[in-house]
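Student: just to be clear, the model below is a prediction. Sequence and coordinates:
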Amino acid sequence: MGRIKPFIHNPYKVGPFGLLCQLCWIEDLLNASPKEMLDQVVVTYSIKYLPCSNPDCLTCLTAKGHGPYWYAHFTLAGEEKKVFLGKAFKPMDLTKILMGERMGAKKTDPIHQEEQARSYEKAQQEEAELGAVNPEQPLDYNSDNPLIDRVGPIPSRQKNKIESSPKLPTEADFEQDLRLLKGAARSENLKYVYRNLIKKYHPDQFGNHPKLHHWMTEINGTYHRLSAR
């Protein structure tokens, strides 16, 4: 997807004295007013897909991941900036960002931005399972930065989980898992899916059930064909 450039190109980036002009531009930018700074900044936008923390998530195993999430990119005083905007596209509010830079606001590193995106996705999944949150208290009610999505603590649905013995897979389970394995053919998770299926269908845990030998053979053959591509 192409990048959107709503602001003018920086005229100081070209010319016979490129390096000198760039240094002068940085000095002028630091001493300029917010409006003058806005006129010299170019903002571009990009999208990114991110995995969630659920190891059995079908979206992460068979597709790019969750998203798309929007990011804004711009250069200020010679330093590249990257700001997480969320799932819904919204133009960058440069006024607040530039004022934060002048006042020495705390920076958000790229790793923390991706953690916020994953937390955002996890919160939406939990909200769908647990029901709607309190309408009088929105999810980001304590947010200091409107450009960054924040989530509050999510109550645990079950503190004490009861571990059960493995259940014998059915024919329908095998067909669904085989489709999952084939669907992960073009992703980086092919080996991960294959290892999980080996654990699930290993004959030793069910007393050498006759069907499991046939299923294991088909799973192994499918994996080797897909990994050889």
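Tutor: Alright, I've got the coordinates.
Student: how does this protein divide into domains?
Tutor: Annotated domains of the chain cover 11-130, 171-227 [automatic domain parsing].
Student: mean pLDDT for those: which is lowest?
Tutor: Among these, domain 11-130 has the lowest mean pLDDT, at a mean of 67.
Student: what sits against residue 65?
Tutor: By CB atoms under 8 Å, 6 or more residues apart in numbering, the residues touching residue 65 are 49, 50, 51, 52, 59. C-beta coordinates here come from the backbone N, C-alpha and C atoms, glycine included.
Student: the first one: how many residues sit nearby?
Tutor: In terms of burial, residue 49 registers 14 neighbours under the definition other CB atoms under 10 Å.
Student: so it makes contact with residue 68?
Tutor: Yes: if you go by CB atoms under 8 Å, residue 49 and residue 68 touch, sitting 5.9 Å apart.
Student: now the strands for this protein?
Tutor: With DSSP state E as the criterion, the chain has strands at 43-50, 66-76, 79-86.
Student: in the last one, what's buried?
Tutor: Read that as strand 79-86. Neighbour counts using 16 or more other CB atoms under 10 Å place 81, 83, 84, 85, 86 of strand 79-86 among the buried residues.
Student: show me what it is packed up against.
Tutor: In terms of contacts (3 or more CB pairs under 8 Å, 6 or more residues apart in numbering; DSSP states H and E), strand 79-86 is packed against strand 66-76, helix 110-130.
Student: the protein: helices as residue ranges?
Tutor: Along the chain, counting by DSSP state H, helices occupy 18-31, 34-38, 58-62, 94-102, 110-130, 171-183, 190-201, 210-227.
Student: filter the contacts of residue 65 down to the buried ones, PyMOL style.
Tutor: Entered in PyMOL, the line below selects the buried ones among these, by 16+ other CB under 10 Å:
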select buried, resi 50+51+52
